[in-house]
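Participant: generate coordinates for the sequence data below:
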Amino acid sequence: MGGIALHRHGVTFSPYPVKETFGIARLSEPESGIELSTPDGTVWTDRWGQAVVPGLREWQKSQIVINANSLPQGMDLSNGIQTLSAAYGSFSQVDFRVLQTRRVMLDVKKPNGEWLTRGLSVVDKDSNYIVSVMDNGSVFIPDATDSPELFVVDDSRVRICQIHYALSEEKNKEAYYEKAQGVCK
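Facilitator: Residues are numbered from 1 along each chain as shown. From the prediction side, this is the model:
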């Protein structure tokens, strides 16, 4: 026997009966099937990224925890644990900030076909450090959506070249990272 909660963001279903003191957990991005542990059991987000927290402990701390293993590969959590105290008969909303990322492993060569030198630094267009070049010209970009323009710099932070690469239009949600080839010119 489940329950239904009507709230300002819509209607959300619960696998458990909804008690007098309850809440709604919301993700900042709509994503279904994300598992949350609540005081009354495990719940999952709906297609709008919302889940009913069917019961909260009155006048005590209640913890709502996102199971990070249930997140898609391209999604990161800002904070996966929220703690709140609720009065008897109250409604609470818990917001979880999630970030959509596009991780990319670039294999980067110089124009002459040689791999980039291990240990060189990769920076963005504002000269913010991103990562160091690894063996065989490998460059791991934690979020290519935030850093589309990449430059290789020497120890004095002088730009040596710009990394040119192309990604597919659609990112693979199931892969932890995408692979792509790049050339530094």
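
Participant: report the central residue of the protein.
Facilitator: Nearest residue to the geometric centre of the chain (Cα atoms, centre = their mean): Asp76, 1.9 Å.

Participant: which SS state does that one fall under?
Facilitator: Three-state call for Asp76 (DSSP: H, G, I helix; E, B strand; the rest coil): strand.

Participant: from Arg159, how far out is it?
Facilitator: 29 Å (Cβ to Cβ, to the nearest Å). C-beta here means a position set from N, CA and C on the backbone, and glycine is covered the same way.

Participant: picking that back up, need the pLDDT of the residue nearest to the centre of the chain.
Facilitator: Asp76 carries a pLDDT value of 87.

Participant: check which helix or strand the closest residue to it other than its chain neighbours maps to.
Facilitator: What sits nearest to Asp76 in space, not counting adjacent residues and going by Cβ to Cβ, 6 or more residues apart in numbering, is Leu99, at 4.6 Å. According to DSSP states H and E, Leu99 maps onto strand 98-100.

Participant: can you pull the buried residues of the helix or strand following that strand?
Facilitator: Downstream of strand 98-100, the first helix or strand assigned by DSSP H and E is strand 104-109. Within strand 104-109, the residues that qualify as buried are 104, 106, 108, counting by 16 or more other Cβ atoms under 10 Å.

Participant: for the nearest residue to Ser85 once chain neighbours are set aside, give me its contacts.
Facilitator: Excluding the flanking residues, the one nearest Ser85 by Cβ to Cβ, 6+ apart is Lys61, at 5.5 Å. Residues near Lys61 by Cβ atoms under 8 Å, 6 or more residues apart in numbering: 83-85.

Participant: let me know how buried the residue nearest to Asp76 is, in neighbour terms.
Facilitator: 14 (other Cβ atoms under 10 Å).
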